[in-house]
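Q: Model the structure of this input:
(2 chains)
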Amino acid sequence: MLALFRELSLYMTARRKWWLAPVIGSLALVGGLLVLAKGSAVAPFIYTVF
Amino acid sequence: MRILGISAFYHDSAAALLVDGRPVAAAQEERFTRIKHDQSFPEHAIRYCLAEGGIDLDAVDHVVFFEKPLLKFERLLETYLARAPSGFSQFRKAMPVWLKDKLFQKAAIARELAPFSPSGDIEPKLLFAGHHQSHAASAFFPSPFEEAVVLTMDGVGEWATTSVTIGRGNRLETVREIRWPHSLGLLYSAFTYYTGFKVNSGEYKVMGLAPYGEPRFKDLILEKIVQVRPDGSFWLDQRYFDYTTGLTMTSRRFHDLFGAPPRHPDAPLTQRDMDLAASIQAVTEEIVLRITRNLAATYRIPNLCLAGGVALNCVANGKVLRDGAFEKVWVQPAAGDAGGALGAAYAAYHLHAGRERIVDSGLDSMSGAYLGPAFTQADIETRLTRCGAVFRALGDNDTLEATSSALERGHAVGWFQGRMEFGPRALGARSILGDPRNPEMQRTLNLKIKFRESFRPFAPSVMAEHAADWFEIDAPSPYMLMVADVAKDHRRAMTGDEASRFGIDKLNVPRSSVPAVTHVDYSARIQTVHRETNPRYHALLDTFRSRTGCPMLVNTSFNVRGEPIVASPEDAFRCFMGTGMETLVVGNCVLDKAQQNPALAEDYTSRFERD
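A: Next up, the predicted model:
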């Protein structure tokens, strides 16, 4: 997890996108709740845009 | 220097090994796992590549992933933010996938690679190339050009959906980009979805269906859905689509525009579906031609390289070639995401490590795309015996004569020889062959062997030196990625009644002296076979030519609908026994269906999900 935070901070520095930090934080929070609520991590069947 | 390229986690996972700038091995994971478009980490493909190179992972200098996951995550977040709250349905699906798996791809890759590395020292070797950078590298570096314009078009990678790169020597410089959500690949996929086919695999079917229809919706598409500018750049009206925020490709507004919901996959194909296919194909060709003409005029470089999923649209490629804006066109045979593995490795070798590039003055540096596993004759005999197969082991020439004889008798022949192809096309190493002069061959192959839709056309493999005698093409097409018309001398004139037929009825009219490979618009998806890259297949074609006067064969991939192309002799035998194929030739082993034990035939087709 620490490695991921390091990667994210390197990425935001390189892309000059620190403004994304609160977005990532809040979306991660909501997303984390979704993970806990649903427990499913299966990508739906459309074009793999994500 | 040894570099391992990997593509994974979206579709068509693959691995490729580059040694001193030359591809020595490359394969898609689906061939080993037998799961079509397998997206899992390509451990089998990596194992094969390392074995082919005779090394373990510690001897590899760099491992390169074909795209940058964090940039993809950035695109998703910014899209959801821009479209909030309407994107919540997709966000709800996407975030768990990312938070559980995809954000941790670097660690996941290192973990998956650990069994291949005795030292366990993997993370310092890991590199990440851009998605379109990988495509561009796969298109330019193995091409036969010192300098070229490189055009890559696909669904989407990180942000780019279309990119223009100038390749010179060992450098690539991106000069233009079209970004998400405006995507030619996704536009084509939207119509694939709307006409009832599976996104990501049904695009070929739409292309094959197009000649049965009239492009009567083309103007409507260009007026309402896509704005195309004179230089070919385009803008998609997102109100007609659902892919940025929803879970389908097209929106209700799209359905209202064309007056009906999407076709159900099991519903019969109508003339309207064919007209829709013809229309999106015409729009695609118009966009691609506008782009290529503008690029040729702007950069005044005579060579064009293509990659990305849209470059598998061989009808559009053929039009670009015939258009003549570029003197030469080269298409990466693994133009889809599997080829990203090879491109990522090339990008690391030339762009990251700065190594010089040696341009292959022949066809290219792809070795005919025969970069997959091969089996020795002794190994083939052992494996077939273990399967319970009854076979004759012949000499080289006798094998060719026996194969040719079976083809002349109208047999569908499974042809399994040498190294497996890299990329989606079977090119005479894992192919089902037939006699193109036989007017029943297309229907027989579609319905009794491949178990697929009867409208789908078949491609000819023709000896390169005879291609211009039979087709209106004067350039090599070794990867079946160029479509050209059958030469006028070989066409058959239509009667008045035949010419007035519409839609699928056109299929029953023989249009040339090689009807099995002549599509309803007289076109053919040509593979030129070259002695230099596949001497065995070339020799078979020559044998068939000397016996019949016809220097070509029908060539379709060795699989049934929904199945990955066969990889091993066992796969080949299973497919042979489970279908109406009459003869199988594996190496120098010749198998006749009549001599096999019928109890070995399995219910084969129900094993695979329909594509």
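
Q: Surely B:D101 and B:A108 touch.
A: Yes: taking contacts as Cβ atoms under 8 Å, B:D101 lies within contact range of B:A108: 6.9 Å. In short, each C-beta sits where N, CA and C put it, glycine included.

Q: Tabulate the CA atom coordinates of whichever strand or helix holds B:T556 in CSV.
A: Element membership for B:T556 (DSSP states H and E) is strand B:552-557. Only the C-alpha atoms of strand B:552-557 are listed here, as CSV (Å, rounded to 0.1, in the frame of the first residue of the first chain):
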residue,chain,number,x,y,z
MET,B,552,-3.9,-20.3,-54.0
LEU,B,553,-5.9,-22.0,-51.2
VAL,B,554,-8.7,-21.0,-48.9
ASN,B,555,-7.1,-20.3,-45.5
THR,B,556,-9.2,-19.9,-42.4
SER,B,557,-8.0,-20.2,-38.8
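
Q: Which elements pack onto it?
A: strand B:430-434, strand B:459-463, helix B:535-548 (3 or more Cβ pairs under 8 Å, 6 or more residues apart in numbering or on different chains; DSSP states H and E).

Q: Can you name the secondary structure element that comes next after it?
A: helix B:569-578.

Q: Which positions in that following helix come out as buried?
A: Applying a neighbour-count criterion of 16 or more other Cβ atoms under 10 Å in any protein chain shown, one finds B:569, B:571-578 buried in helix B:569-578.

Q: From the contact counts, what lies against that helix?
A: helix B:377-387, strand B:413-416, strand B:583-586.

Q: Contact distance from chain A - what residues of chain B qualify?
A: B:10-11, B:39, B:70-72, B:74, B:76-78, B:80-81, B:90-104, B:106-107, B:155-156, B:186, B:189, B:199-200, B:243-244, B:247-249 (Cβ under 8 Å from any Cβ of the partner chain).

Q: Please enumerate the helices of chain A.
A: A:2-15, A:20-38 (DSSP state H).

Q: Which elements pack onto the last one?
A: Read that as helix A:20-38. By 3+ Cβ pairs under 8 Å, 6+ apart, helix A:20-38 packs against helix A:2-15, helix B:69-83, helix B:88-100.

Q: What are the contacting residues of the longest one?
A: Contacts to helix B:69-83, defined as Cβ atoms under 8 Å, 6 or more residues apart in numbering or on different chains, come from residues A:7-8, A:11, A:15, A:17, A:20, A:23-24, A:27, A:49-50, B:87, B:90-91, B:94, B:98, B:102-103, B:105-106, B:128, B:130-131, B:156-159, B:180-181, B:244-245.

Q: where in chain A is pLDDT low?
A: For chain A, the stretches with pLDDT under 70 are A:38-50.

Q: What of the stretch 251-400 of chain B?
A: Residues of the stretch 251-400 of chain B meeting the criterion pLDDT under 70: none.

Q: Strands along that one, start to end?
A: Counting by DSSP state E, counting those that start in this stretch, the stretch 251-400 of chain B has strands at residues B:303-307, B:328-331, B:392-393.

Q: Can you give me the end-to-end span of stretch B:509-522?
A: 11 Å (Cα to Cα, to the nearest Å).

Q: What mean pLDDT does that stretch get?
A: Regarding stretch B:509-522, the rounded mean pLDDT is 92.

Q: for it, the distance to its chain's centre please.
A: 23 Å (Cα atoms, centre = their mean, to the nearest Å).

Q: go on, stretch A:28-36?
A: 10 Å.

Q: are any of the contacts of helix B:69-83 buried, and which?
A: Judged by 16+ other Cβ under 10 Å, buried ones among those: A:7-8, A:11, A:17, A:20, A:24, A:27, A:49-50, B:87, B:90-91, B:94, B:98, B:102-103, B:105-106, B:128, B:130-131, B:156-159, B:180-181, B:244-245.

Q: In chain B, which residue sits closest to chain A?
A: B:M95 (3.2 Å; Cβ to the nearest Cβ).

Q: quick revisit: most packed of the helices of chain A?
A: Neighbour counts (mean count of other Cβ atoms under 10 Å in any protein chain shown) averaged over each of the helices of chain A peak at helix A:20-38, with a mean of 14.

Q: picking that back up, for the helices of chain A, give me JSON lines that also has distance to B:V590.
A: Output for those, formatted as JSON lines (distance: least, Cβ to Cβ, whole Å):
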{"stretch": "helix A:2-15", "distance to B:V590": "56"}
{"stretch": "helix A:20-38", "distance to B:V590": "55"}
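
Q: Which one of these lies nearest to B:D542?
A: Closest to B:D542 of the helices of chain A is helix A:2-15 (Cβ to Cβ; 55.8 Å).

Q: Can you tell me what sits against that closest one?
A: So helix A:2-15 is contacted by A:17-18, A:20-21, A:24, B:70-71, B:74, B:103-104, B:106-107 (Cβ under 8 Å, 6+ apart).

Q: how deep is the residue lying closest to B:A353 once chain neighbours are set aside tucked in, by neighbour count?
A: Taking Cβ to Cβ, 6 or more residues apart in numbering or on different chains, and ignoring the residues beside it in sequence, B:A353 has B:M1 as its nearest neighbour in space, at 6.3 Å. Per other Cβ atoms under 10 Å in any protein chain shown, the neighbour tally for B:M1 reads 13.

Q: Look up how far B:D603 lies from B:M1.
A: Distance, B:M1 to B:D603, by Cβ to Cβ, to the nearest Å: 49 Å.

Q: cool, and B:E112?
A: From B:E112 to B:D603 the distance is 34 Å (Cβ to Cβ).

Q: more neighbours, the two?
A: B:E112 (17 against 7).

Q: contacting residues for the single nearest residue of chain A relative to chain B?
A: Of the residues in chain A, the one nearest chain B is A:G31, at a distance of 3.2 Å by Cβ to the nearest Cβ. By Cβ under 8 Å, 6+ apart, the contact set of A:G31 is B:91, B:95-96, B:98-99.

Q: ditto for B:D242
A: B:248-251.

Q: Make CSV out of the residues you listed and add neighbour count.
A: Output for those, formatted as CSV (neighbours: other Cβ atoms under 10 Å in any protein chain shown):
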residue, neighbour count
B:T248, 18
B:M249, 23
B:T250, 22
B:S251, 18
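
Q: Which helix or strand lies directly C-terminal to the helix or strand of chain B with the lowest mean pLDDT?
A: In chain B, the helix or strand scored least confidently by mean pLDDT, DSSP states H and E is helix B:496-499, which has a mean of 80. Once the chain leaves helix B:496-499, the next helix or strand it forms, by DSSP H and E, is strand B:523-529.

Q: what does stretch B:342-358 rub up against?
A: Outside stretch B:342-358, the residues that reach it (Cβ under 8 Å, 6+ apart) are B:1, B:3-7, B:14, B:16-18, B:21, B:23, B:26, B:61-62, B:64-66, B:127, B:129, B:133-139, B:141-142, B:169-172, B:307, B:332, B:334, B:422.

Q: What's the ChimeraX syntax to select whichever of those are buried?
A: Filtering these down to the buried ones (16+ other Cβ under 10 Å) takes a single ChimeraX command:
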select /B:3,4,5,6,7,14,16,17,18,21,23,26,62,64,65,66,127,129,133,134,135,136,137,138,139,141,142,170,172,307,332,334,422
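
Q: Give me the subset of the contacts of stretch B:342-358 lying in helices.
A: B:133-139.

Q: hang on, the earlier thing: can you add mean neighbour count and distance to B:S461 and give the helices and strands packed on helix B:569-578 back as a markdown table?
A: As requested, these are arranged in a markdown table below (neighbours: other Cβ atoms under 10 Å in any protein chain shown; distance: least, Cβ to Cβ, whole Å):
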| stretch | mean neighbour count | distance to B:S461 |
| --- | --- | --- |
| helix B:377-387 | 15 | 22 |
| strand B:413-416 | 25 | 10 |
| strand B:583-586 | 26 | 15 |
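
Q: would CSV of these with distance to B:L289 be doable?
A: Output for the helices and strands packed on helix B:569-578, formatted as CSV (distance: least, Cβ to Cβ, whole Å):
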stretch, distance to B:L289
helix B:377-387, 46
strand B:413-416, 36
strand B:583-586, 41
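
Q: Relative to B:V486, which of these is closest?
A: Closest among those, using Cβ to Cβ: strand B:413-416, at 22.8 Å.
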